[in-house]
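**Q** Can you look at this prediction? I've put the sequence above it.
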Amino acid sequence: MTNDKKYFFISSLAKGLDVLELLAEKGELSVSEVARHLGQNRTGSHRFLATLKELGYVEQNRSNKYHLTFKMLEFGMKRSNRLGIKNIALPYMKALSKAFGETINLGVRDGHNIFHLEKIDSKEILRVDSPIGSSAPVYCSALGKTIIAFMDPEELDSLLSTVEFKPMGPNCISSVDELKKELEKVREQGFAVDDEELVSGLRCIAAPVFDKTGAVPYAISVSGPTMRMTKERVDEVQENLKKSCHELSRQLGQLNQ
């Protein structure tokens, strides 16, 4: 930003937006870390963070670090709706639903959680129930592991340094080292599997959706009870799922050029 600002430029507003952008990039930061990154004094940074917290845009964790809330995601949701990501993805999701008869989800990461943007329910009586708008920890969901596996290494390390592992399903990942090994596997094979990590009796497979920059903003999953989603079924699903996500990725790149 140059010093030759326009007459209408509101410096305090710009500094507040700088804080939001910083948290979006870095994940969770303390007051001192925000001040250091932005070249502000600690008192000023605290005032910005306290104001944003009061307005519901940021929250504090138990370590007194600040992170963005879902209120910020609402803006992205509205933006993504206008860009039509759900409409673009829906034909691919419907094709997967028809092919396998299981629940299909489109997900996006929000901090340490995966957020369900769109969903097609299985018509089976016994099925997965993850409503649109619901979320799950990235470390124990196929959608979450898929997206974070392709994050920038520095950004990923920052995220993993603040993950709080809580027991979910019987096979839930419980440490950073275990998660890193899993993410290496995801990158190698091009898909992730949640094998009763989130919920007992649930098996889910997800593949990445790339944008034109090579980042992975979204992932699509096929989920079902383990009695139907056998290991053999996962092998069958993953090829079709990866192909669908590849085609969707190519379409997104073309639309954003």
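**A** Perfect, I can see it now. Residues are numbered from 1 along each chain as shown.

**Q** For the rest of this, base every contact and every neighbour count on C-alpha atoms.
**A** Noted.

**Q** low-confidence ranges in the stretch 1-150 of the chain?
**A** Residue ranges of the stretch 1-150 of the chain with pLDDT under 70: 1-5, 72-84, 126-129, 131, 133.

**Q** Tell me where it has helices.
**A** Remark: helices of the stretch 1-150 of the chain, listed N- to C-terminal, are 11-26, 31-38, 42-54, 70-83, 85-100, 142-149; assignment by DSSP state H, counting those that start in this stretch.

**Q** Could you export these to TSV, including columns for distance to T230 and mean neighbour count?
**A** Compiled in TSV, those are given as follows (distance: least, Cα to Cα, whole Å; neighbours: other Cα atoms under 10 Å):
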stretch	distance to T230	mean neighbour count
helix 11-26	38	15
helix 31-38	46	16
helix 42-54	45	17
helix 70-83	34	13
helix 85-100	12	17
helix 142-149	15	29
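
**Q** looking at these, which is closest to G224?
**A** When the helices of the stretch 1-150 of the chain are ranked by proximity to G224, the top entry is helix 85-100, at 9.8 Å, counting by Cα to Cα.

**Q** Other residues contacting that closest one?
**A** Helix 85-100 is touched from outside by 80, 103-106, 117-118, 120, 122, 220, 222, 237, 240-241, 244-245, 248, with contacts defined as Cα atoms under 8 Å, 6 or more residues apart in numbering.

**Q** How far off centre is it?
**A** Relative to its chain's centre, helix 85-100 lies at 19 Å (Cα atoms, centre = their mean, to the nearest Å).

**Q** Using PDB, write out every CA atom in it.
**A** Extracted C-alpha coordinates of helix 85-100, given in PDB (Å, rounded to 0.1, in the frame of the first residue of the first chain):
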ATOM      1  CA  ILE A  85     -19.600 -24.400  -7.800                       C
ATOM      2  CA  LYS A  86     -22.500 -26.400  -6.400                       C
ATOM      3  CA  ASN A  87     -24.300 -26.300  -9.800                       C
ATOM      4  CA  ILE A  88     -21.100 -27.200 -11.600                       C
ATOM      5  CA  ALA A  89     -20.400 -30.100  -9.300                       C
ATOM      6  CA  LEU A  90     -24.000 -31.400  -9.100                       C
ATOM      7  CA  PRO A  91     -24.000 -33.300 -12.400                       C
ATOM      8  CA  TYR A  92     -20.900 -35.200 -11.400                       C
ATOM      9  CA  MET A  93     -22.300 -35.900  -8.000                       C
ATOM     10  CA  LYS A  94     -25.600 -37.200  -9.500                       C
ATOM     11  CA  ALA A  95     -23.600 -39.500 -11.800                       C
ATOM     12  CA  LEU A  96     -21.700 -40.900  -8.800                       C
ATOM     13  CA  SER A  97     -25.000 -41.300  -6.900                       C
ATOM     14  CA  LYS A  98     -26.500 -43.200  -9.800                       C
ATOM     15  CA  ALA A  99     -23.400 -45.400 -10.200                       C
ATOM     16  CA  PHE A 100     -23.000 -46.400  -6.600                       C
END
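
**Q** rewinding a little: make TSV from the helices of the stretch 1-150 of the chain and add distance to L183 to it.
**A** Rendered in TSV, the data for the helices of the stretch 1-150 of the chain read as follows (distance: least, Cα to Cα, whole Å):
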stretch	distance to L183
helix 11-26	20
helix 31-38	28
helix 42-54	33
helix 70-83	25
helix 85-100	24
helix 142-149	5
